[in-house]
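> sequence first, then the predicted structure:
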Amino acid sequence: MSTAQPEPGRASPSAPARRHLGLALVVIATAQLMVVLDATIVNVALPHIQHALGFTGDGLEWVVNAYALTFGGLLLLGGRAGDILGRRRVFIAGIILFSAASLLGGFATTQTWLLAARALQGVGGAIVAPTALSLVTTTFPEGPPRNRAMGVYAAMSIAGGAVGLIAGGLLTTYLSWRWVLFVNVPIGIAVALIAPRALAESPRRRGRFDLPGAITATLGLAALVYGLTEAATTPNGVSHWGDTKVLVSLGAALVLLASFIVIEMRSEHALMPLRIFKNRNRSGAYLIMLCVGTALFGMFFFLTIFVQTVWGYSALRTGIAYLPMMATVMLMAGVSSQLVPRIGARPLLLIGSATATGGMFWLSRINEHSHYTTGLLGPMLVTAAGMGMLFMPVTLVALSKVEDRDAGLASSLLNTGQQVGGSIGLAVLGTVAWTVVSNTARHSAAAAAAAAKAGHPLRGTAAQVKTAIYDHALAVGFSRGFEVSAGIALLALIITIAAIRVRRSDLAGTALPIAGEPAPEEAHVS
């Protein structure tokens, strides 16, 4: 492990790390928890945010997508920044940016204000996530100390989702939705103040940033998601696929993403060298992770709105309702890690994607009259079991036979794929779901008006009838969205059948870094 030479009259930068290994682990694990937790803590507050700031259904998707797009799009650049500028310095900068963005978001009074803050949070997360993991490797010596540190880091990565659900429910129910953002501020301040004492600075390295690649990729994805989101049919029944802004956005996305590919082919310091996709199994694994991100993001988003709007759940009850799913994912991830050495990755990928497909299709049967146990818990557990079986083998396949210089890139692309896939998938699912919601609501309202005119009005007051119509429309629209999710899970199964040919022997000795590893050539510290 290389370290910087101390300047005259100054202590070695590695000394603080040796003296404060426990404190260093607390700092790194807390930072990772903040980043992971933010993906779910905001989710349970979405209906409250929608009511407070007046978001439309498709507009609300951007509260999730603004974070996911900048996080996923800039993750590789964030890892590269730590390698070149110094990991502790960049880590602290990312924490400060993340905390400041959280503070701004908590005070938001307009939609644009909140979305800008969420995008800044994503930038901060893209800086923190890869540098936090690389700090584990540079702070803790190889052997048991590093293994224990990696174990704690992994636990934070896995548990963060469950903690976010409960914390988001508690804060939203008993304080305000704003506190799901404010809560990051005191934690971030503490981490930023302690980090210089607990962490050693890594030496700067020579290198360049692939800014053109990062900019074209992130803007291209944002334009694609915006175009897909804006194409949804509005409540007046008008489809917007032919709108100028939709066509311009989709055209710009095509140009920007094509430019990104050209830049990556020609750049000496490419963020995403295309050689990483030459391996058939690895490319298949990334496509499967895209499918996983698409299905999970859409499921959480639409279920949260459904159970709170239609079933009347509080934010806290919503978080608790999701806990069995999180527990099942963690359980099956552990089971699959034990089964991979015995039966290989491909059988688990086949079983997992098929199970997730069945669970998603079962979930699409949910309606306004369903109950938690039969309508939600059952399909949610089946879907979670399938997803849990996928995570470990898809990671192993993505990292199998990867060159040392690309190890960090290979693992980072898994996290990038999940975030980017989730954003694109949420846009696609949202367009389908909100279009069906709009059409169903209009047709149901017309039918109710015709029945009333014929002397057979629906029971209840006008407000009750309007609520019933909207609840039914949400159920039908979201059901169609879950059917699309089932189709995407089925696509993961088809990809596994067509592309994955990895053998059990190919996975022997494959390391398992956590998603969010440092960027390409600088991933390994010599």
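That came through, no problem.
> stretch 75-84: how far from the chain's middle?
The chain centroid and the centroid of stretch 75-84 are separated by 19 Å under C-alpha atoms, centre = their mean, to the nearest Å.
> pLDDT at the residue nearest to residue 280 when sequence neighbours are not counted, what is it?
Nearest residue to residue 280, sequence neighbours excluded (C-beta to C-beta, 6 or more residues apart in numbering): residue 499, at 5.8 Å. Yep, even glycine has a C-beta here, placed from its N, CA and C like the rest. Residue 499 is assigned a predicted lDDT (pLDDT) of 87.
> what's the burial count for residue 499?
By other C-beta atoms under 10 Å, the residues close to residue 499 number 17.
> thought it was touching residue 284?
Yes: Residue 499 is in contact with residue 284 according to C-beta atoms under 8 Å; the separation is 3.1 Å.
> which regions of the stretch 301-450 of the chain lie under the pLDDT threshold?
Scanning the stretch 301-450 of the chain for pLDDT under 70 picks out 402, 404-411.
> need the helices for it, in chain order.
Using DSSP state H, counting those that start in this stretch, the helices found in the stretch 301-450 of the chain span residues 315-343, 345-363, 378-399, 407-453.
> the ones you listed: which one's closest to residue 39?
For residue 39, the closest of those is helix 407-453, at 8.7 Å, according to C-beta to C-beta.
> which strands or helices does the closest one pack on?
helix 57-85, helix 111-139, helix 211-230, helix 280-309, helix 378-399, helix 462-499 (3 or more C-beta pairs under 8 Å, 6 or more residues apart in numbering; DSSP states H and E).
> that one: how far from the chain's middle?
16 Å.
> quick one: residue 290 and residue 416 touch, right?
No: checked against C-beta under 8 Å, the pair residue 290 and residue 416 is beyond contact range at 9.7 Å.
> more neighbours: these two, which one.
Higher neighbour count among residue 290 and residue 416: residue 416, with 27 against 24, using other C-beta under 10 Å.
> tell me the centre residue of this protein?
Among the residues of the chain, the one closest to the centroid is residue 419, at 4.1 Å (C-alpha atoms, centre = their mean).
> ok, it - contacts?
Applying C-beta atoms under 8 Å, 6 or more residues apart in numbering, we find residue 419 in contact with 68-69, 71-72, 75, 293.
> select, out of the helices and strands packed on helix 407-453, the one closest to residue 261.
Nearest to residue 261, of all those, is helix 211-230, at 9.1 Å by C-beta to C-beta.
> quick one: contacts of the helix or strand just after the closest one?
Downstream of helix 211-230, the next assigned helix or strand under DSSP states H and E is helix 244-266. Residues outside helix 244-266 that contact it (C-beta under 8 Å, 6+ apart): 210, 212-213, 216-217, 219-221, 223-224, 226-228, 230-231, 240, 270-274.
> for helix 244-266, buried residues please.
By 16 or more other C-beta atoms under 10 Å, the buried positions in helix 244-266 come out as 246, 249-250, 252-253, 256-257, 259-260, 263-264.
> show me where pLDDT drops low in the stretch 51-200 of the chain?
57-58, 137-138, 141-144, 146-162.
> tell me the contacts of residue 92?
192, 195-196.
> which among these gets closest to residue 369?
Looking at these and their distance to residue 369, the nearest is residue 192, at 50.0 Å (C-beta to C-beta).
> hmm, back to that, got a markdown table for the buried residues of helix 244-266, with distance to residue 25 and pLDDT too?
Compiled in a markdown table, the buried residues of helix 244-266 are given as follows (distance: C-beta to C-beta, whole Å; pLDDT from 0 to 100):
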| residue | distance to residue 25 | pLDDT |
| --- | --- | --- |
| 246 | 48 | 84 |
| 249 | 44 | 86 |
| 250 | 46 | 89 |
| 252 | 44 | 91 |
| 253 | 41 | 88 |
| 256 | 40 | 91 |
| 257 | 39 | 89 |
| 259 | 42 | 92 |
| 260 | 37 | 88 |
| 263 | 38 | 89 |
| 264 | 36 | 84 |
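> distance of the closest residue in space to residue 127 that isn't next to it in sequence from residue 104?
Excluding the flanking residues, the one nearest residue 127 by C-beta to C-beta, 6+ apart is residue 94, at 3.0 Å. Going from residue 94 to residue 104 by C-beta to C-beta, to the nearest Å gives 16 Å.
> show me which of these two is the more surrounded one.
Each of residue 94 and residue 104 has its neighbours counted (other C-beta under 10 Å); residue 94 has more, 27 against 17.
> residues in contact with that one?
78, 124-128, 131.
> for residue 330, give its distance to residue 382.
In terms of C-beta to C-beta, residue 330 sits 16 Å off from residue 382.
> that should have said residue 34, apologies.
Using C-beta to C-beta, residue 34 is found at 31 Å from residue 382.
> please apply the same query to residue 27.
Distance from residue 27 to residue 382, by C-beta to C-beta: 39 Å.
> ok, now residue 71?
Residue 71 sits at a distance of 29 Å from residue 382 (criterion: C-beta to C-beta).
> comparing those two, which shows the higher neighbour count?
Neighbours per residue, other C-beta under 10 Å: of residue 71 and residue 382, the larger number sits with residue 71, 30 against 20.
> who's in contact with the nearest residue to the more buried one once chain neighbours are set aside?
Excluding the flanking residues, the one nearest residue 71 by C-beta to C-beta, 6+ apart is residue 122, at 3.9 Å. With contact taken as C-beta under 8 Å, 6+ apart, residue 122 is in contact with 66-72, 74.
> isn't residue 62 right next to residue 116, touching?
No: under the criterion of C-beta under 8 Å, residue 62 is not in contact with residue 116, lying 10.5 Å apart.
> just to revisit the earlier point, give the PyMOL command for selecting the buried subset of the contacts of helix 244-266.
With 16+ other C-beta under 10 Å as the criterion, this PyMOL line picks the buried residues out of these:
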select buried, resi 210+212+213+216+217+219+220+221+223+224+226+227+228+230+231+240+270+271+272+273
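> which of the contacts of residue 419 sit farthest apart?
Taking C-beta to C-beta, the two most distant members of the contacts of residue 419 are 75 and 293; they sit 13.0 Å apart.
> so for the residue nearest to the centre of the chain, what's the nearest residue that isn't a sequence neighbour?
Using C-beta to C-beta, 6+ apart and skipping the chain neighbours, the partner closest in space to residue 419 is residue 72 (2.9 Å).
> okay, now that neighbour: neighbour count?
For residue 72, the neighbour count with other C-beta under 10 Å is 27.
> if I look at it, how far off is residue 423?
Separation of residue 72 from residue 423 (C-beta to C-beta): 7 Å.
> hey, what's in contact with both of these two?
Common contact partners of residue 72 and residue 423 (C-beta under 8 Å, 6+ apart): residue 221.
> and residue 205, what pLDDT?
Per-residue confidence at residue 205 stands at 63 (pLDDT).
> what do you get for residue 35?
Per-residue confidence (pLDDT) for residue 35: 80.
> pretty sure it contacts residue 125?
Yes: applying C-beta under 8 Å as the test, residue 35 and residue 125 come out as touching, 4.6 Å apart.
> now do the shared contacts for the two.
residue 98.
> using TSV, please lay out the contacts of residue 94 together with distance to residue 448.
Output for those, formatted as TSV (distance: C-beta to C-beta, whole Å):
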residue	distance to residue 448
78	52
124	48
125	46
126	48
127	52
128	51
131	57
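> residue 27 touches residue 193, doesn't it?
No: contact criterion C-beta under 8 Å: residue 27 and residue 193 do not qualify, at 9.8 Å.
> any idea how far residue 75 is from residue 214?
Distance from residue 75 to residue 214, by C-beta to C-beta: 10 Å.
> let me fix that: residue 123
11 Å.
> shared neighbours of those two, anything?
Common contacts of residue 123 and residue 214, defined by C-beta under 8 Å, 6+ apart, comprise residue 74.
> ok, back up a step: between the helices and strands packed on helix 407-453, which gets nearest to residue 367?
It's helix 462-499; of the helices and strands packed on helix 407-453, that one is closest to residue 367 (C-beta to C-beta) at 4.4 Å.
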